[in-house]
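*Asks:* when you get a sec, could you give me coordinates for this:
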Amino acid sequence: MLAINEEFYSIQGEGERTGTPMYFVRLQGCVVGCHFCDTKQSWRKGDDMKEEKEIVQRAVDSGSKWICITGGEPCEQELGKLMYEIKSTDLHSSIETSGSEFNQALHDFDHVVLSPKDLFTQAKFKCNELVIDSANELKCVVTQESDIDYYLKTFGTFRRPKSFQPMSNDKGIMCLLMKRLKELTYFNWKIRCQQQTVFQIQ
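*Replies:* Numbers count the residues shown, from 1 in each chain. Now for the predicted structure:
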């Protein structure tokens, strides 16, 4: 069973699969504690336990072709049974993680989004190298210009899709990124916003 914060059907508003309809499963529990987190209700350890088979069946019944596991920090829970149930369907699977810890189930997801929170965590962790190796996509939140320099240095060898995302779609941060557009383009970074925030949808 998994501790669940919420489940809902919507469109993906961030990253490479922006605009894709997905069934979102937000897991409960997160030790990361980013100051800008917009789902702080998911931090505490939860007791609303749901059966993996029932979760996946709701995703199937929604008509979605994708199920997205998010949080909180989903890798804090055991995901093996959930992946077993997903694999028994035609659903494509996606997960978003901060990289705080490795979970063996990451190898079974169709799409792993790493959104590193090294710069913002209260727990003072560094992104797990095994998570970096498992990631299909890198999505980096920017709060100030020094964040950009950190990401360029730390993830310079990451060759899969990668993007910068201004915190809370902040226009000032976007301007900082635009000033360095030629540099970011040279190193194959993209700049994206949170579309679900722009359109005020869940």
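*Asks:* what pairs with the residue positioned nearest the centre of the chain across the strands?
*Replies:* In the chain, the centroid-proximal residue (CA atoms, centre = their mean) is residue 96; its distance is 2.7 Å. Here residue 96 sits in beta bridges with residue 113, going by DSSP bridges.
*Asks:* so what's the residue count around residue 160?
*Replies:* By other CB atoms under 10 Å, the residues close to residue 160 number 12. The C-beta positions use only the backbone N, C-alpha and C, and glycine is treated the same way.
*Asks:* next, it: phi, psi?
*Replies:* Backbone torsions for residue 160, taken as degrees, to the nearest 10, come to phi -90, psi 180.
*Asks:* residues touching it, list them.
*Replies:* By CB atoms under 8 Å, 6 or more residues apart in numbering, the contact list for residue 160 reads 135, 136, 137, 138.
*Asks:* could you export those as JSON lines, including neighbour count and pLDDT?
*Replies:* Formatted as JSON lines, these follow (neighbours: other CB atoms under 10 Å; pLDDT from 0 to 100):
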{"residue": "135", "neighbour count": "25", "pLDDT": "98"}
{"residue": "136", "neighbour count": "16", "pLDDT": "98"}
{"residue": "137", "neighbour count": "20", "pLDDT": "98"}
{"residue": "138", "neighbour count": "24", "pLDDT": "98"}
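*Asks:* ok so, going back, tell me how far the residue nearest to the centre of the chain lies from residue 1.
*Replies:* Distance, residue 96 to residue 1, using CB to CB, to the nearest Å: 21 Å.
*Asks:* swap in residue 19?
*Replies:* Distance from residue 19 to residue 1, by CB to CB: 32 Å.
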